[in-house]
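Asker: I'll drop the sequence and a predicted model, then ask my questions.
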Amino acid sequence: MSLTTPVAFTPEQLAEVRRLQALYPDRRAALLPVLHMAQDAFGYISLEVEEYVAGLFDLTPAHVHEVVTFYTMFFQRPKGRHVVAVCHNLSCHLAGAPRILAHLKERLGLEVGQTTDDGRVTLLSVECLCACEHAPMMQVDDRYQFDLTPARVDRILEELR
Amino acid sequence: MTGERILTRNFHRADAHTLAAYRETGGYTAWEKAQTMEPTAITEEVKKSNLRGLGGAGFPTGMKWSFIPKNHAGPVYLVINADEAEPGTFKDRYLLEREPHAVIEGMLIAARAIRSSVGFVYIRGEYVEPWRRFSAAVREASEAGYLGGGFDVVVHRGAGAYICGEETGLISSLEGRKGWPKLKPPFPAIKGAFGAPTIVNNVETICHLPHIINRGAGWFASLGTKTQGGTRMYSVSGRVKRPGVYEASVALTLRQLIYDLAGGVTGNGRLKAVVPGGSSAAILRADEIDVTLDVDGLKNAGTMAGSAGVIVMDETVSIPEALMVVARFYAHESCGQCTPCRECTGWIYKITERIVEGRGRKEDLDTVLDVARRGVGTTICAFYDGAVGPYISYIEKFRDEFEALVTK
Ligand SMILES: Cc1cc2nc3c(=O)[nH]c(=O)nc-3n(C[C@H](O)[C@H](O)[C@H](O)COP(=O)(O)O)c2cc1C
Ligand code: SF4
Ligand code: FES
């Protein structure tokens, strides 16, 4: 999503922020949940979003930046409408993850970390997603996809609009 | 041979995650019983059961609870470690999705023992479906009145960082910071989340509690070995015919697990090596699998039970390549706070990659062993010592294979 709209939560979202903050003995503890919300709302965590979220917590933007950069699930640049994250850890590797990743790179014309020109898919390779019994596997947005073969990968890609 | 299944007994039911199904199979009766027990009596029962933490370190659960300062005036927190990210481990995912009420009932019991009124469940960010399932169970338990009357559960999501599974890293992350571990002492039981005494327990550990309360410490202890009670869930993956989660006594042997439960080895059918406790555990050769899977059994075998993530390799697997993959993981996941960990994990990954790509030098193997050993015991958390387990054992036990690559 582009950032042509000003960075601000809706009143409902702000109420959710306050609800989350009140769950903890220290409201700062709601920072990760609120960053998840912000990423869903604004597409990715830009510097502007960091500043906006910092304001909601009375934290410095530097603190929020430090947190955002520490975790792999927060994107600092625009990402595709779909994120395809292939596990490349040991059990998946033994089950052919390199072949699955090579297939994805070829089909999408991407290197790891890149997004298709039409903004449809961002390709990642990630550490163990803890579904090693279904290796090789990957995460597509919210969902785990198990027991991958190149043909199965193709079917999954076709469904991504 | 494998005995009764306890934690996984309802896994075949499609509705196992619902309150109705949980109650039908005796759910929440242990909580009723626990409410008639003194908190110290609950702790004593857990001590006698020989339950040991199943998240990685294997520390006796009852003993850990007893470190909470007596008569502490302020809040005490219970934190459930559902950050599951140890390569090769996937049991907590099953429990969150299929037995969420067992986690909640276990939390109620633990909270009574340590006198806590709030529990936080820290679920790894990637576990979206388990998080939804578990959150729904928390709502059901609240509506049914199990929660909200003296004990509340807050479900918290991580955002992708293996180090947040380490208990002090997890606490930092829960507090809204990056997940940097802290030097111990003070241990969390003295000064943990939000500065208050805190118990961090793994999901599977907590799920055993209702059964210990209902059926007694003696029963639980008798299921295992002299120093560890109960069953546990083994995550089996890699080159086996039936990868998956298996529950069995901690006195089961690694051979029984691989051949009797997981159906034996795939590929060429010849076993080469096994990682018994998640990727941080030292590797075992095929002739070293007649060991029991309890904490002390595997420790005596020079490795660790860890999270019981069992990764099986047959003879088609290249051990140097496997080490490169594991080394990449540690290089990526080091939090960067301690120099030895940050630098050595990076160097060792680069060296193993070079070896695998056929650009290795003869001295590389000893360099890795030397670099790896120097950092041991010098870091803030056990992450680095965990990384060293594979570095050293893969090279020591399969040196020939590495040498064949570097002399090319
Ligand atoms: C690097 C590192 C990663 C860890 N990851 C996990 C994890 O994903 N899940 C877990 O329960 N424990 C993990 N642990 C162990 C925890 O620090 C802690 O010992 C455990 O959660 C305590 O619960 P238990 O006593 O019930 O096992 C990890 C430890 C280290 C050093
Ligand atoms: S040992 Fe590694 S992971 Fe642990 S605190 Fe130090 S740098 Fe971070
Ligand atoms: S190695 Fe891929 S999910 Fe664990």
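Answerer: Sure thing, it's come through. No experiment lies behind these values; they were computed from the predicted model shown. Ligands and ions are numbered 1, 2, ... in the order given.
Asker: and the next element down the chain from the helix or strand hosting residue B:156?
Answerer: Using DSSP states H and E, residue B:156 falls within strand B:152-157. Note on strand B:152-157: by DSSP H and E, the next helix or strand toward the C-terminus is helix B:167-174.
Asker: who's in contact with that following helix?
Answerer: A:29, A:32, B:79, B:81, B:83, B:120, B:122, B:156, B:158, B:161, B:163-164, B:178-182, B:184, B:188, B:192-193, B:198, B:200, B:335, B:381 (C-beta atoms under 8 Å, 6 or more residues apart in numbering or on different chains). Where you see a C-beta, it was placed from the backbone N, CA and C, and this is true even at glycine.
Asker: Leaving out the residues flanking it, which one is nearest to the residue in chain A sticking out farthest from the centre?
Answerer: The centre of chain A is farthest from one residue, residue A:25, which by C-alpha atoms, centre = their mean lies 27.7 Å away. What sits nearest to residue A:25 in space, not counting adjacent residues and going by C-beta to C-beta, 6 or more residues apart in numbering or on different chains, is residue B:194, at 4.5 Å.
Asker: List the contacts of the one you found.
Answerer: Residue B:194 sits in contact with A:24-26, A:29, B:75, B:77, B:175, where contact means C-beta under 8 Å, 6+ apart.
Asker: at 10 Å what do you get?
Answerer: Applying C-beta atoms under 10 Å, 6 or more residues apart in numbering or on different chains, we find residue B:194 in contact with A:24-26, A:28-29, B:74-75, B:77, B:118, B:120, B:171, B:174-175.
Asker: likewise residue A:30?
Answerer: A:16-24, A:37, A:56-57, B:154, B:156, B:176.
Asker: Residue B:132 versus the closest residue to residue B:129 other than its chain neighbours, what's the distance?
Answerer: Excluding the flanking residues, the one nearest residue B:129 by C-beta to C-beta, 6+ apart is residue B:97, at 6.6 Å. Distance, residue B:97 to residue B:132, by C-beta to C-beta, to the nearest Å: 9 Å.
Asker: Neighbour count: those two, which is higher?
Answerer: residue B:97 (19 against 14; other C-beta atoms under 10 Å in any protein chain shown).
Asker: how far away is the more buried one from chain A?
Answerer: 11 Å (C-beta to the nearest C-beta, to the nearest Å).
Asker: Pull the contacting residues for that residue.
Answerer: So residue B:97 contacts B:11, B:16-17, B:127, B:129-134, B:137 (C-beta under 10 Å, 6+ apart).
Asker: Now render those residues as CSV, adding pLDDT.
Answerer: CSV is the format used below for the contacts of residue B:97 (pLDDT from 0 to 100):
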residue, pLDDT
B:11, 97
B:16, 97
B:17, 98
B:127, 98
B:129, 97
B:130, 98
B:131, 98
B:132, 98
B:133, 98
B:134, 98
B:137, 98
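Asker: out of these, which are buried?
Answerer: Among those, the ones that count as buried by 16 or more other C-beta atoms under 10 Å in any protein chain shown are B:11, B:16-17, B:127, B:130-131, B:133-134, B:137.
Asker: The residues you listed in helices, which ones?
Answerer: Using DSSP state H, B:130-131, B:133-134, B:137 are the members of the buried ones among the contacts of residue B:97 that sit in helices.
Asker: Pipe those residues into JSON lines and attach distance to residue B:207 per row.
Answerer: Formatted as JSON lines, these follow (distance: C-beta to C-beta, whole Å):
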{"residue": "B:130", "distance to residue B:207": "14"}
{"residue": "B:131", "distance to residue B:207": "17"}
{"residue": "B:133", "distance to residue B:207": "14"}
{"residue": "B:134", "distance to residue B:207": "12"}
{"residue": "B:137", "distance to residue B:207": "13"}
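Asker: out of the residues you listed, who's nearest residue A:161?
Answerer: Set against residue A:161, the nearest of those by C-beta to C-beta is residue B:131 (25.1 Å).
Asker: Identify the residue spatially nearest to that closest one, adjacent ones excluded.
Answerer: Counting by C-beta to C-beta, 6+ apart, the residue nearest residue B:131 is residue B:123, at 4.9 Å.
Asker: tell me, how many neighbours does the one you found end up with?
Answerer: Neighbour tally, residue B:123, other C-beta under 10 Å: 24.
Asker: same thing with residue A:143?
Answerer: Residues within reach of residue A:143, counting by other C-beta under 10 Å, total 11.
Asker: Residue B:129 is in contact with that one, correct?
Answerer: Yes: counting by C-beta atoms under 10 Å, residue B:129 is a contact partner of residue A:143 at 7.4 Å.
Asker: In helices only, show me the contacts of helix B:167-174.
Answerer: Among the contacts of helix B:167-174, the members falling in helices (DSSP H) are residue A:32.
Asker: Residues of the stretch 151-300 of chain B that sit close to ligand 2?
Answerer: B:163, B:181 (C-beta under 6 Å from any ligand atom).
Asker: Right, and ligand 1 sits closest to which residue of the stretch 151-300 of chain B?
Answerer: Distance from ligand 1 to each residue of the stretch 151-300 of chain B (C-beta to the nearest ligand atom) is smallest for residue B:165, at 2.3 Å.
Asker: Contacts only, for that residue.
Answerer: Residue B:165 touches B:55-56, B:81-86, B:89, B:122, B:124, B:158, B:173, B:179, B:200, B:202, B:307, B:333, B:383, counting by C-beta under 10 Å, 6+ apart.
Asker: Which members of the residues you listed are positioned in strands?
Answerer: Among the contacts of residue B:165, the members found in strands (DSSP state E) are B:81-82, B:122, B:200, B:202.
Asker: wait, isn't residue B:68 in contact with residue B:191?
Answerer: No: between residue B:68 and residue B:191 there is no contact under C-beta under 10 Å: 11.2 Å.
Asker: what is in contact with those two at once?
Answerer: Common neighbours of residue B:68 and residue B:191 (C-beta under 10 Å, 6+ apart) are B:197-198.
Asker: what about residue B:304, helix or strand, and which?
Answerer: Residue-wise, residue B:304 maps onto no helix or strand under DSSP H and E.
Asker: how about the helices of chain A, start to end?
Answerer: Secondary structure of chain A, counting by DSSP H: helices at A:11-22, A:31-42, A:47-57, A:61-70, A:90-94, A:97-108, A:150-158.
Asker: buried residues in the third one?
Answerer: For helix A:47-57, burial by neighbour count (16+ other C-beta under 10 Å) applies to A:49-50, A:52-54, A:56-57.
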